[in-house]
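>>> Below is the sequence, then the predicted model.
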Amino acid sequence: MNIGVVVGGYSDESVISIRSGQLILKNLDPDKYTVYEVRILPEGWYVLANDSKYDIDKSDFSFVKDDKKIQFDIAINTIHGTPGEDGHLQAYWELIGLNYTGCGFYQSALTFNKRDTLSVLNKFDIPKAKSIYLSKGDAITATEVIATLGLPFMVKPNQSGSSLGISKVNNPEEFDAALQKAFKEDSDVLIEAYIKGVEVSVGVLNFKGETTVLGITEIISHNDFFDYEAKYEGKSDEITPARIDKTTEDRVRQTAIKAYEALGMSGFTRSEFIIMEGVPYFIEMNTNPGLSPQSIFPQQAQHAGIPFAELLESEIQLAQKRKVLWKK
């Protein structure tokens, strides 16, 4: 079986994606699979093998090596950001009849949009922060935001990952700069009331056909919140399992599973919650969580005692059963 481990992307998260792909490449059985690293980058789509590049034919996601056309049986999607975490690649693979890991194109597009995700989950009584939604060009003052949300509050790009473009606003003078920072990442912005509590990251996946909580990790940022530096440059403490009581742990697990199933998810996910007074408030869901050495999801797998190769094997089996729109 030919497996394409698809990494890269068009956003600033491409470097993280390439790091994530290395863990997958190391954990796929070479006796069982022929594995290729596929890079999708603004400068081109290609297979990287032995320091050589082989261009991807976008008509069927194949490539030619040694005068032989090679097609993939499964694409393992590990692109953070666009086009792999916003539904574009999944829709393309559906159209050409290629099975792939992770969630479908609709779920990917939905969860990449913070506002729309919160709107859907609101129907399932999942707690969330009070928020205001803005598009570029909308007029709003810090005074108006404070009247609705209080201080401090968070300003986030509606569609972005790895905490890029996010600010915590502690006083009115910081508001304009926070908006500008967020609008650099996206034309829509979400402003949320600040929830003070214990932040946890919850790995959830469909493992061997059952929705499974891989682990709950407590996040202690050395910065004012869990920003890019805290996530990827070691400026945070990540404690697995989280130091929460059994009742709260059960509530977090149930809420995480409820969100996963309500959104019709499959594949690896990492949901973020902030626990205030025993209640887990949903922040966001990542459908392609980081798998680099610094990432939380592999730490949770290790704590759960599940070899990462076994998680990948489950994903491949689920991908084989996926009913794409058209099958060759």
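Now that the structure is in, tell me what you want to look at. Numbers count the residues shown, from 1 in each chain.
>>> so after the helix or strand hosting residue 297, what's the next helix or strand?
If you go by DSSP states H and E, residue 297 is part of helix 296-304. Note on helix 296-304: by DSSP H and E, the next helix or strand toward the C-terminus is helix 308-321.
>>> Run through the neighbouring helices and strands of that following helix.
helix 14-27, strand 74-77, strand 99-100, strand 198-207, helix 296-304 (3 or more C-beta pairs under 8 Å, 6 or more residues apart in numbering; DSSP states H and E). Placement of C-beta: from N, CA and C, glycine included.
>>> Nearest residue to residue 133 in space, ignoring adjacent ones along the chain?
Leaving aside its chain neighbours, residue 133 sits nearest to residue 115 (5.2 Å; criterion: C-beta to C-beta, 6 or more residues apart in numbering).
>>> ok, back up a step: touching the helix holding residue 297 from outside, list them.
Here helix 296-304 makes contact (C-beta atoms under 8 Å, 6 or more residues apart in numbering) with 23, 201, 203, 214-217, 238, 240-241, 268, 270, 289-291, 307-308, 311.
>>> any idea how far it is from the chain center?
Computed by C-alpha atoms, centre = their mean, to the nearest Å, the chain-centroid distance of helix 296-304 equals 16 Å.
>>> For that helix, give the mean pLDDT please.
Averaged across helix 296-304, the pLDDT comes to 94.
>>> before we move on, the earlier item: return a ChimeraX selection command for the buried portion of the contacts of helix 296-304.
To isolate the buried members of the contacts of helix 296-304 in ChimeraX, using 16 or more other C-beta atoms under 10 Å:
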select :23,201,203,214,215,216,217,238,240,268,270,289,290,291,308,311
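>>> Pop the domain breakdown of this protein in here.
The chain breaks down by automatic domain parsing into domains covering 2-102, 110-127+196-305+313-319, 131-193.
>>> And residue 264, how close does it get to residue 3?
Here residue 264 is placed at a distance of 25 Å from residue 3 (C-beta to C-beta, to the nearest Å).
>>> ok, those two, which is more surrounded?
The neighbour count for residue 264 versus residue 3, taken as other C-beta atoms under 10 Å, is higher for residue 3 (24 against 12).
>>> The more buried one and residue 313: what is the separation?
Relative to residue 313, and taking C-beta to C-beta, residue 3 is found at 11 Å.
>>> residue contacts, residue 30?
Going by C-beta under 8 Å, 6+ apart, the list of residues near residue 30 is empty.
>>> How many residues are close by the spatially closest residue to residue 198 that is not a sequence neighbour?
Using C-beta to C-beta, 6+ apart and skipping the chain neighbours, the partner closest in space to residue 198 is residue 275 (4.5 Å). Residue 275 has 22 neighbours, counted by other C-beta under 10 Å.
>>> again, but for the one 3 residues further on
Neighbour count for residue 278, taken as other C-beta under 10 Å: 13.
>>> same deal with residue 53?
Residues near residue 53, counting by other C-beta under 10 Å: 13.
>>> got a list of what residue 250 touches?
Contacts of residue 250 by C-beta under 8 Å, 6+ apart: none found.
>>> Can you say which helix or strand has it in it?
helix 246-262.
>>> And the strands in the stretch 51-200 of the chain?
Under the criterion DSSP state E, counting those that start in this stretch, the stretch 51-200 of the chain contains strands at 52-55, 63-65, 68-70, 74-77, 99-100, 131-135, 153-157, 167-169, 188-193, 198-207.
>>> same for the first one, what does it pack against?
Using 3+ C-beta pairs under 8 Å, 6+ apart as the contact criterion, the elements in contact with strand 52-55 are strand 44-49, strand 63-65.
>>> can you check the second one too?
The contact analysis (3+ C-beta pairs under 8 Å, 6+ apart) places strand 63-65 against strand 44-49, strand 52-55, strand 68-70.
>>> next one: the fifth one
Contact analysis of strand 99-100 by 3+ C-beta pairs under 8 Å, 6+ apart lists strand 74-77, helix 88-96, helix 308-321 as its packing neighbours.
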